[in-house]
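Q: Fold the following and give me the result.
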Amino acid sequence: MPMLTDRRPILLANARVIDPSRDFDGIADVLIADGIIRETRRGIGAAGVPEGTDIVNCSGKVVAPGLVDMRAFAGEPGLSHRETFASASQAAATGGITTIICQPDTSPVIDNSATVDFVLRRARDTAIVNIHPMAALTKGMRGEEMTEFGLLKAAGAVAFSDGDKSVTNALVMRRALTYARDFDALIVHHTEDPDLVGEGVMNEGEFATRLGLMGIPNAAETIMLERDLRLVALTGGRYHAASLTCIDSLEVLKRAREAGLAVSASVSINHVTLNENDIGPYRTFLKLCPPLRTENDRKALVAALASGLVDVIMSDHNPQDVEVKRLPFAEAAPGAVGLQTMLPAALRLIHNGELDFKTLIRAMSTRPAELMGLPGGTMRTGAPADVIVIDPDTPWVLDPADLKSQCKNTPFDEARFSGRVMRTIVGGRTVYEHV
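A: Okay, the predicted model is just below:
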């Protein structure tokens, strides 16, 4: 899988082009030059392109805007033993992700302008895809004192989150939503009441009881979400639920939407393609935060994506090394890698008829770009040429050794997939090609 640096114009010919930003799904050619999309229409042909153009026959392939992953842990600064921008970006490019939104729970925490600047510079120097940081919602992610949203946004932070920690102090969250409103900043919050989670390690219910493991009730999520949405109504702030997992939460979100609140939500690829039964004989690579729920919850999340109630599918990429994963289930660290497998896993939803392709690309590219205020997620003329070519049907089996991430804690170990990324283009340059 050579890394290519060719900056020649590219013509992606005879492709099925899917562009949710224009509500387009049809056969067309895509001309890319000077880092932008020059034209998307049928019949451009070899005669209508600059001399030296790389002409790629994409018959039978899907061409779509590159994926924008709203929730991924990248490890720099301070935790590069788990992941670096270089390794994360290699995994992302292989999986068709052209933009990563990295989380603030690094060491030190991304809670000041200097650290935001470090992330942007380091990513620019070492990554092959676009990387933008979320900054911490509270200083040190301690949930006590807000960070300087205005300064952090000016430095390049695209949203504000305390990663996988919830702000339990309602007054702090109210102030944050009020303050963020004045800067048109997006608050992204992990909705889990830590007191209700307690010693829980998986979804509360019959399966947890059979395994002899402490459960986490749905209420741990819905109580925090309900509180947050009432604070949104009070403040008028922009709010995004980081990772919803259950039917109860969808009902809370639906009421808020019907009330006209500026709220949106993500689900992780794990929660729409797996359920608690996949944990099987204590498989720690499926210990996640929040936990996998029931099959009924999974189906409800997919239906919410189809209806537009849930906006985004994200990878929730959380690399963990062997020392903290190869432990008894209750003691193992939560988290799974997901950059490289997010799209192949999502294609299962298309193959089994649960989602259509345009809805999937909207949730994984167009909508997250809109929420983050980023220029990707579209194939419009003049847009940045962040584009992927997908073979939707080629069968393959995942070998964890082929993962580009530094950690191999994938829930899809030896999984069978249909469909994979054949080419990833970032800023008009091919950064990955499957050979």
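
Q: what sits against the residue nearest the centre of the chain?
A: Nearest to the geometric centre of the chain sits M314, at 2.5 Å (C-alpha atoms, centre = their mean). Residues counted as contacts of M314 (C-beta atoms under 8 Å, 6 or more residues apart in numbering) are D69, M70, R71, A72, S243, S266, V267, S268, I269, M342, P368. To be clear about C-beta, it is placed using only N, CA and C from the backbone, and glycine gets the same treatment.

Q: Look up the closest residue to the third one, ignoring the ones flanking it.
A: The spatial neighbour of R71 that comes closest, neighbours along the chain excluded (C-beta to C-beta, 6 or more residues apart in numbering), is M314 at 4.1 Å.

Q: The one you found and I97: what is the separation?
A: For M314, the distance to I97 equals 10 Å [C-beta to C-beta, to the nearest Å].

Q: Also L225?
A: Note on L225: its distance to I97, by C-beta to C-beta, is 27 Å.

Q: Compare these two and say which is more crowded by neighbours.
A: Shown here are L225 and I97; by other C-beta atoms under 10 Å, I97 has more neighbours (33 against 26).

Q: Return the residues in contact with the residue nearest to that one when sequence neighbours are not counted.
A: For I97, ignoring the flanking residues on the chain, the nearest one in space by C-beta to C-beta, 6+ apart is L67 at 4.4 Å. By C-beta under 8 Å, 6+ apart, the contact list for L67 reads G95, G96, I97, T98, T99, M342, L343, M364, S365, I388.

Q: Kindly report the same for P368.
A: Counting by C-beta under 8 Å, 6+ apart, P368 touches V68, D69, M70, I101, D311, V312, M314, L374, G377.

Q: Would you double-check that the second one falls in a helix?
A: No. With the criterion set as DSSP: H, G, I helix; E, B strand; the rest coil, the secondary structure at D69 is strand rather than a helix.

Q: burial of it, as a residue count?
A: With other C-beta under 10 Å as criterion, D69 counts 31.

Q: ok, now how distant is it from L177?
A: Computed as C-beta to C-beta, the D69 to L177 distance reads 25 Å.

Q: Repeat that for the fourth one.
A: From I101 across to L177, the span is 20 Å (C-beta to C-beta).

Q: again, but for L292
A: Per C-beta to C-beta, L292 is found 30 Å from L177.

Q: Could I get the full set of helices for the stretch 51-200 of the chain?
A: Using DSSP state H, counting those that start in this stretch, the helices of the stretch 51-200 of the chain run over 85-94, 113-126, 149-155, 170-182, 194-197.

Q: Beta-bridge partners for the residue nearest to the centre of the chain, please?
A: Beta bridges link M314 to S268, judged by DSSP bridges.

Q: i'd like the first residue to be 11 from this point on
A: In the new numbering, first residue 11, that becomes M324.

Q: Distance of it relative to S375?
A: Here M324 is placed at a distance of 11 Å from S375 (C-beta to C-beta).

Q: same check, this time on A355
A: As judged by C-beta to C-beta, A355 and S375 stand 16 Å apart.

Q: okay, these two: which has more neighbours?
A: S375 (32 against 25).

Q: G106 is in contact with the more buried one, correct?
A: No. Contact criterion C-beta atoms under 8 Å: S375 and G106 do not qualify, at 9.1 Å.

Q: Now list whatever residues contact both of the two.
A: Residues touching both S375 and G106 by C-beta under 8 Å, 6+ apart: G76, L77.

Q: Surely P60 forms part of a helix?
A: No. Using three-state DSSP, the assignment for P60 is coil, not a helix.

Q: what sits against it?
A: Contacts for P60 (C-beta under 8 Å, 6+ apart) come out as P19, A43.

Q: Would you check how far apart it and V27 are?
A: Distance of P60 to V27, given as C-beta to C-beta: 20 Å.

Q: cool, E86 as well?
A: As for E86, its distance to V27 is 35 Å (criterion: C-beta to C-beta).

Q: next one: N122
A: Distance from N122 to V27, by C-beta to C-beta: 42 Å.

Q: okay, these two: which has more neighbours?
A: V27 (23 against 18).

Q: could you list every residue that touches the more buried one?
A: Going by C-beta under 8 Å, 6+ apart, V27 touches F34, D35, G36, I37, A38, V40, T50, V72, V73, A74, M389.

Q: Need the nearest residue in space to H91, chain neighbours excluded.
A: Take H91 and drop its neighbours on the chain: the residue closest to it by C-beta to C-beta, 6+ apart is D331, 6.7 Å away.

Q: give me the low-pLDDT residue ranges for the stretch 11-160 of the chain?
A: For the stretch 11-160 of the chain, residues meeting the criterion pLDDT under 70 lie at 11-16.
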